[in-house]
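>>> Okay, sequence plus prediction incoming.
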Amino acid sequence: MAKRRRTNVDDSDSDASFAAESESDDYDEDDVFDTKDEKGDSSSDATDIDDLCDDDVDVEDQIRLFDGNLQSSEYWRHKVEAFTEDPFACQDYSPGTTVLLDAVEEQWRQFCCVLKRDPKECYAKISLGLMYNFFDWVMSQKIGKNGRKKRGIKKKSSLGTYWKVFRLVFERAVGEKINQKLNRSMHRVLRDLGKKHRLSEQRRVNRCMTIDDLKLQIETTLSTTKKSFKLGELRILAVLFLLLLAPAGSRPEATLNLRFKDIRVVLARDPEGGPHKLLLRFTPEFTKSYLGEKEQKTYSIPETMFDPSLLLSPHVFLLGVLFRHRAFNASSLTSPHHLDNLDIHPGERELPLPLREDLNDTFIFRRVIETFTGYQISTNDRITSGMMAAWIQRIGEILGFEYPTIAYNLRYNAANAFDQSVDVSEALRNLALGHGNSDPFQRHYLGRNISADLWGVLRGQKPQQALMKQSCSIGHSISERRPTGLTTEQSASVATHPTIRELTKALRELPQGSKQYNQVKRARRNEKQRLRRELKQRIRDEWTDKQATDDIERQIHGIGFDNPATDNTCRPQGTAQRHLMKKLTAPTVTTLEGQYRRRDEAIEAVSTYCLVQEGCTVPRSRPLSTPEAAVYCSTSNPPEGGQLDLAIRSVFITNDKERPKRCFICIGQALDLTPDGKARLDELTHEFYTSNDLTKHFRNKHLSKVADGERPECKVCKMTLEHKMHLQNHAMRIHGTVS
């Protein structure tokens with residue numbers, strides 16, 4: 001392995017440690033100063049002057065008047081005297097950092113109001129006592145904006161970050177940095193406050209998600225029914241996000257900000273004489289912008305021919321999304337099978353597959369919106385980092401990971417893999433990760449679980465690298481038996497908590513419907529949710545040692561492992577989901593034609609699944625009430641006497657007094673169910689407890705989603721309605737649904 005040279009930075013600067021990934025801007029001197037000798041009149045600037053010409057300006061007169069300059073000396077003297085330095089005096093931070101600075105500044109203002117002092121005066125007379133009590137006050141605040149309970153500072157490292165942010169707030173307000181003496185004294189203050197408020201010394205676990213772990217994460221994302229994504233395309237995008245993040249090691253936010261114009265697909269000639277390969281190039285445009293925007297980096301991912309696992313192929317998932325949106329500029333390129341017939345012109349090395357220009361500014365990772373009849377991908381509303389993080393963490397829980405799964409697990413893995421590879425230099429590693437030097441990697445990315453077999457090295461034995469890599473990964477303690485949620489009894493146990501009892505007692509004494517009643521009811525609901533989260537986390541934290549002890553005892557007594565309980569609360573996979581998994585896990589083939597067919601069929605399955613309406617995650621409380629054959633129908637004429645036929649009959653009234661308890665809009669959606677939608681039939685034909693419950697559902701889920709000018713359709717009656725009011729009238733007269 002090639003030796004790496006570590007580049008040190010000066011840590012004496014009070015703000016050096018805030019930006020872990022600070023950059024040093026490089027400038028091309030030739031762009032700023034003209035240091036080259038002129039060799040003749042041919043390089044004169046006459047053309048530039050011509051560009052500045054105006055009909056009302058006599059340029060030749062100005063040249064003679066000011067000795068060749070367009071402005072007089074008085075003009076420049078006035079410019080120098082009137083120049084304002086304030087806009088250029090502050091640091092150039094990203095919008096996210098600016099929001100953080102503003103939040104800390106607002107807390108400083110609130111603290112000064114508590115002291116009944118002016119914030120500017122406190123800045124001018126800043127002292128150690130003032131800072132100690134400010135941070136003590138911050139950590140003592142339990143209620144935030146709009147009466148919401150604050151999460152608070154839990155770790156000492158977070159307190160240190162808060163202090164670094166405050167230093168920047170001070171510098172922005174005063175124009176100079178906090179003096180070194182106060183800065184040094186604050187280290188002891190932070191330690192004392194950490195002990196006083198019992199802050200954790202542990203930093204976030206920086207375990208890596210290995211490729212084996214990633215494969216399991218992707219397989220679970222695609223196959224599970226414990227988590228629904230409402231629309232099939234979201235499930236595909238959740239996988240594509242991981243596959244674009246893993247090889248580049250880029251920041252999650254940069255990956256989410258990818259637009260269609262940032263993606264380039266080409267058919268490349270293999271220089272080693274193999275078949276042409278697809279090559280993906282993507283250029284994250286929006287990255288961490290401390291000290292200004294950074295230069296763009298382009299990552300290239302070549303196609304792996306005869307890939308043993310298509311689950312790890314970003315080409316399959318990205319092309320599936322592109323074909324689903326007809327994103328290629330060539331209008332005839334509508335099927336992945338067309339790729340097999342493409343060739344590269346003799347003498348050329350690549351054939352670009354350009355995308356449509358009208359999609360240039362459209363995000364690839366877009367959220368869904370709820371429409372009158374279901375879900376569809378939004379026009380250009382991006383999936384937030386919080387949404388993606390919640391999906392990744394939930395899938396990790398379902399998979400059985402002990403530690404919370406985060407996107408940065410893949411960035412940690414890429415960073416450590418680049419560092420250990422002889423094919424990646426230190427400079428290239430820093431460039432790929434967006435680091436100005438090696439310090440951020442050593443402080444934050446280098447695994448704190450030593451993954452090298454040091455004892456084997458010291459003994460002169462062959463290091464057991466595979467075992468060490470597994471033991472230091474996030475999946476080292478994976479178990480399908482690990483609890484993923486609370487049982488009914490565990491969930492109900494929070495009602496016995498003293499706080500819940502007090503709130504319940506207070507609720508009984510308040511008049512229903514009053515403002516105070518609703519506030520207490522909301523507070524009780526939020527407290528129950530918080531207690532359930534804490535109970536779930538406590539059970540998960542204690543499970544590993546308890547289960548290991550039980551396994552040991554059972555084996556010593558010859559009983560063997562306990563069989564895990566089967567979970568029958570989730571609905572089974574639909575046909576489209578099973579078809580998707582079948583194509584993505586298809587075995588490898590030995591012929592090139594077979595490989596192309598295997599890849600193309602997987603792309604088609606991905607593209608088709610993007611259109612699947614998954615709906616919300618609904619536990620399966622009872623088995624399907626009708627045989628599978630009677631559930632699905634590809635036409636609008638369901639089998640007579642079947643579940644869907646009976647549901648349709650129940651939403652038509654014979655007199656004005658009838659009030660059905662089923663939703664005719666949902667039943668209309670059931671008419672269009674694909675084979676994958678069989679499991680949704682019970683959900684769509686569900687009978688509400690009362691007609692009032694149906695009214696609430698109709699208003700919230702359907703009526704509120706009708707846009708101005710939209711003409712809704714009643715699929716049960718096979719008619720298009722003129723407008724929203726027409727829908728309400730139709731619902732009342734024909735289907736007895738009050739709105």
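Looks like it arrived, so ask away.
>>> Now do stretch 522-541: distance to the chain's middle.
24 Å (Cα atoms, centre = their mean, to the nearest Å).
>>> same question but for stretch 548-557, I mixed them up
In this view, stretch 548-557 has its centroid 41 Å away from the chain centroid, taken as Cα atoms, centre = their mean.
>>> Contacts for it, please.
560, 561, 562 (Cβ atoms under 8 Å, 6 or more residues apart in numbering). Yep, even glycine has a C-beta here, placed from its N, CA and C like the rest.
>>> Include neighbour count and pLDDT when you put these into CSV, please.
Formatted as CSV, the entries for the contacts of stretch 548-557 read as follows, by neighbours: other Cβ atoms under 10 Å; pLDDT from 0 to 100:
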residue, neighbour count, pLDDT
560, 9, 85
561, 10, 86
562, 11, 82
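>>> Format these as TSV; extra columns: distance to residue 134 and secondary structure.
TSV is the format used below for these (distance: Cβ to Cβ, whole Å; DSSP: H, G, I helix; E, B strand; the rest coil):
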residue	distance to residue 134	secondary structure
560	60	coil
561	55	coil
562	54	coil
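>>> In the protein, where's the longest strand?
For the chain, the strand that runs over the most residues, judged by DSSP state E, is strand 375-382.
>>> which other helices and strands contact that one?
Contact analysis of strand 375-382 by 3 or more Cβ pairs under 8 Å, 6 or more residues apart in numbering; DSSP states H and E lists strand 230-231, strand 366-370 as its packing neighbours.
>>> Which of these has the highest mean neighbour count?
Relative to the other members of these, strand 230-231 carries the highest mean neighbour count by mean count of other Cβ atoms under 10 Å, namely a mean of 22.
>>> Give me the pLDDT for residue 204.
With respect to pLDDT, residue 204 has a value of 81.
>>> Now do the phi/psi pair for it.
Taking degrees, to the nearest 10, you get phi -60, psi 140 for the backbone angles of residue 204.
>>> Tell me how many other residues crowd it.
13 (other Cβ atoms under 10 Å).
>>> So it versus residue 445, what's the distance?
In this structure, residue 204 and residue 445 are separated by 12 Å, where distance is defined by Cβ to Cβ, to the nearest Å.
>>> just to confirm, which helix or strand has residue 529 in it?
Secondary-structure assignment from DSSP states H and E places residue 529 in helix 515-556.
>>> which residues touch the closest residue to residue 606 other than its chain neighbours?
Taking Cβ to Cβ, 6 or more residues apart in numbering as the measure, residue 606 lies nearest to residue 320, with 2.8 Å between them; neighbours along the chain are not counted. Contacts for residue 320 were tallied using Cβ under 8 Å, 6+ apart; they are 236, 602, 603, 604, 605, 606, 607, 609, 610.
>>> switch the cut-off to 6 Å
With contacts defined as Cβ atoms under 6 Å, 6 or more residues apart in numbering, residue 320 is in contact with 603, 606, 607.
>>> Which residues are in contact with the first one?
Contact partners of residue 603, counting by Cβ under 6 Å, 6+ apart, are 316, 319, 320, 336.
>>> sec struct for it, please.
In terms of secondary structure, residue 603 is helix; the call rests on DSSP: H, G, I helix; E, B strand; the rest coil.
>>> Spatially nearest residue to it (excluding sequence neighbours)?
Nearest to residue 603 is residue 336, by Cβ to Cβ, 6+ apart, at 4.0 Å.
>>> quick one: pLDDT of the one you found?
Looking at residue 336 specifically, the model assigns a pLDDT of 94.
>>> just to revisit the earlier point, so which of the contacts of residue 603 is surrounded by the most neighbours?
Highest count within the contacts of residue 603 by other Cβ under 10 Å belongs to residue 316, 30 neighbours.
>>> isn't there a helix covering that one?
Yes. Secondary structure of residue 316, determined by three-state DSSP: located in a helix.
>>> now it, nearest residue through space, not along the chain?
Nearest non-adjacent residue to residue 316, counting by Cβ to Cβ, 6+ apart: residue 602, 4.9 Å away.
>>> Now for the one you found: which residues touch it?
Contact partners of residue 602, counting by Cβ under 6 Å, 6+ apart, are 310, 316, 583, 584.
>>> Scan the helices and strands of the protein for the one with the lowest mean pLDDT.
When the helices and strands of the chain are scored by mean pLDDT, DSSP states H and E, helix 628-631 comes last with a mean of 36.
>>> Please report how far the residue nearest the centre of the chain lies from residue 397.
Nearest to the centroid of the C-alpha atoms of the chain, with distances taken as Cα atoms, centre = their mean, sits residue 388, at 2.9 Å. Counting by Cβ to Cβ, the separation of residue 388 from residue 397 is 15 Å.
>>> Residue 248 too?
Residue 248 sits 26 Å away from residue 397, taking Cβ to Cβ as the criterion.
>>> Over to residue 483?
In this structure, residue 483 lies at 9 Å from residue 397, with Cβ to Cβ as the measure.
>>> do the same with residue 244
Using Cβ to Cβ, residue 244 is found at 23 Å from residue 397.
>>> same check, this time on residue 427
39 Å.
>>> thinking again about what came up before, name the nearest of the contacts of residue 602 relative to residue 358.
The nearest member of the contacts of residue 602 to residue 358, counting by Cβ to Cβ, is residue 316 at 24.9 Å.
>>> how about low-confidence regions in the stretch 551-700 of the chain?
The model of the stretch 551-700 of the chain has pLDDT under 70 over residues 566-569, 616-641, 674-679.
>>> next one: the chain
1-70, 89-92, 286-294, 566-569, 616-641, 674-679.
>>> Spell out the residue ranges of the strands in it.
Along the chain, the stretches classed as strands by DSSP E are 230-231, 263-268, 277-282, 299-302, 350-352, 366-370, 375-382, 613-615, 713-714, 719-720.
>>> Cool, thanks, talk later.
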